[in-house]
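> model the following, please.
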Amino acid sequence: IDFGAGTGRDIYGKTIHIEPQITLIYPNQGEVLIGESGYAIGWTASGSLMDHIRILYSTDAGVTYPNVITASTANTGTYTWIVPSLDSTAVKVKVIAEDSNNALLAEDESDGNFTITMPLAAPSNLTATIIYSQAIKLTWQDHSDNETGFKIERSRSSDSGYIPIFIAPRNSTTYTNIDGYLSPGTTYYYRVCAYNAFGNSEYTRASVTMPIPIPAIKIIVPNQARVGEIVSIRGANFGSGGSAAQTVMFYSTGNRTRRLAQIISWSDTNIRCAVPSLPADQYYFVKVTTRYGSSSESRRSGFRVLPW
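Residues are numbered from 1 along each chain as shown. Here you go, the predicted structure:
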């Protein structure tokens, strides 16, 4: 006896009909579907006289099924549903096996409710603006009305290594990243997405390169001294000490005489160094060189070496 098509014949040639059965596999209960996305509805069905499958959905926990997903699809066990744009936590799906006259043979519905939520609209037009050397202001446009907030992330690479730095509340459009470890000459990449309990939106992105501060000598105290005496070079943007690339050079007009000074201490606004061995009763330029990454900048000031 062959029941492959849902019917067969007994040994006397009499047609035997198999009772139609259908079982919904998914969505069955507790799933979260995103509006405007594709979702595969799955079922199993067998029995006699089955011609096609009708699929409906409800948004009132199965009290009514006014919404048609498809009026007729082949009994393949799956159908791709383009989920509608709506917000509901009381959604169910019903699958119905029908004969060629659209008469109901068997039906099944989700065991419990599942959720459909609107897709999160991504923020856009992220900009990053340097406020000062350790602060970057981010601004973006908010296009969603169902976000919990915004995730803000930063990296030194455009395509990897992003780390969370802040979560902004819903309806936010700005955040200022104040960080004492922002490095001069370094490019920072930012990205912002909206999020809620069901996931994240797409990201909006921006980048900014921190400027390299130019050292500026304001005054040398005293402005004249003997060889070996300690002087203070006061100014700005000298950076922190400890690098061989950071130097103080005393040199004459035309670079005829050049000497590096011995550094005693170095801070961002004050350098203490010993006057190098130079011919006395002459004026010299003093040049401070700092290095951030691959860039160096210098400024200079006049200084007199006194005789012993």
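
> report the contact partners of the nearest residue in space to Ala197 that is not next to it in sequence.
Once flanking residues are discounted, Ala197 sits nearest to Thr148: 6.8 Å by Cβ to Cβ, 6 or more residues apart in numbering. Placement of C-beta: from N, CA and C, glycine included. By Cβ atoms under 8 Å, 6 or more residues apart in numbering, the contact list for Thr148 reads 170, 195-197.

> quick one: Thr148 from Phe198, how far?
Distance, Thr148 to Phe198, by Cβ to Cβ, to the nearest Å: 10 Å.

> in the helix or strand hosting Ala194, which residues are buried?
Secondary structure assigned from DSSP states H and E places Ala194 in strand 187-196. When burial is assessed from 16 or more other Cβ atoms under 10 Å, strand 187-196 yields the following buried residues: 188-196.

> please apply the same query to stretch 114-125.
Of all the residues in stretch 114-125, those buried under the rule 16+ other Cβ under 10 Å are 114-120, 122-123.

> any idea of the mean pLDDT in that stretch?
The average pLDDT within stretch 114-125 is 94.

> how long is that stretch end to end?
34 Å (Cα to Cα, to the nearest Å).

> quick one: that stretch to chain centroid distance?
Taking Cα atoms, centre = their mean, to the nearest Å, one finds stretch 114-125 lying 16 Å from the centre of the chain it belongs to.

> which outside residues touch that stretch?
Outside stretch 114-125, the residues within contact range by Cβ under 8 Å, 6+ apart are 27-37, 83-89, 91-92, 140-144, 146-147, 150, 192-196, 198-204.

> mark which of those are buried, thanks.
Buried, going by 16+ other Cβ under 10 Å: 27-28, 31, 33-34, 83-84, 88, 91-92, 140, 142, 144, 147, 150, 192-196, 198, 201, 203-204, out of the contacts of stretch 114-125.

> give me the subset of those lying in strands.
The strands, defined by DSSP state E, take in 33-34, 88, 91-92, 140, 150, 192-196, 204 from those.

> now those as TSV including distance to Leu56?
Formatted as TSV, these follow (distance: Cβ to Cβ, whole Å):
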residue	distance to Leu56
Leu33	15
Ile34	20
Ser88	15
Val91	11
Lys92	9
Trp140	41
Phe150	37
Val192	40
Cys193	35
Ala194	32
Tyr195	32
Asn196	28
Thr204	38
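
> and which of those residues is nearest Ile18?
Using Cβ to Cβ, the shortest approach to Ile18 within those belongs to Lys92, at 27.3 Å.

> just to revisit the earlier point, farthest-apart pair in the contacts of Thr148, please.
Every pair of the contacts of Thr148 checked by Cβ to Cβ; the farthest is Arg170 and Ala197, at 12.4 Å.

> more neighbours, the two?
Arg170 (15 against 9; other Cβ atoms under 10 Å).

> that one reaches Gly149, doesn't it?
Yes. If you go by Cβ atoms under 8 Å, Arg170 and Gly149 touch, sitting 5.2 Å apart.

> any idea which of the buried residues of strand 187-196 is closest to Trp43?
Proximity to Trp43 was ranked across these by Cβ to Cβ; first place goes to Asn196, at 30.3 Å.
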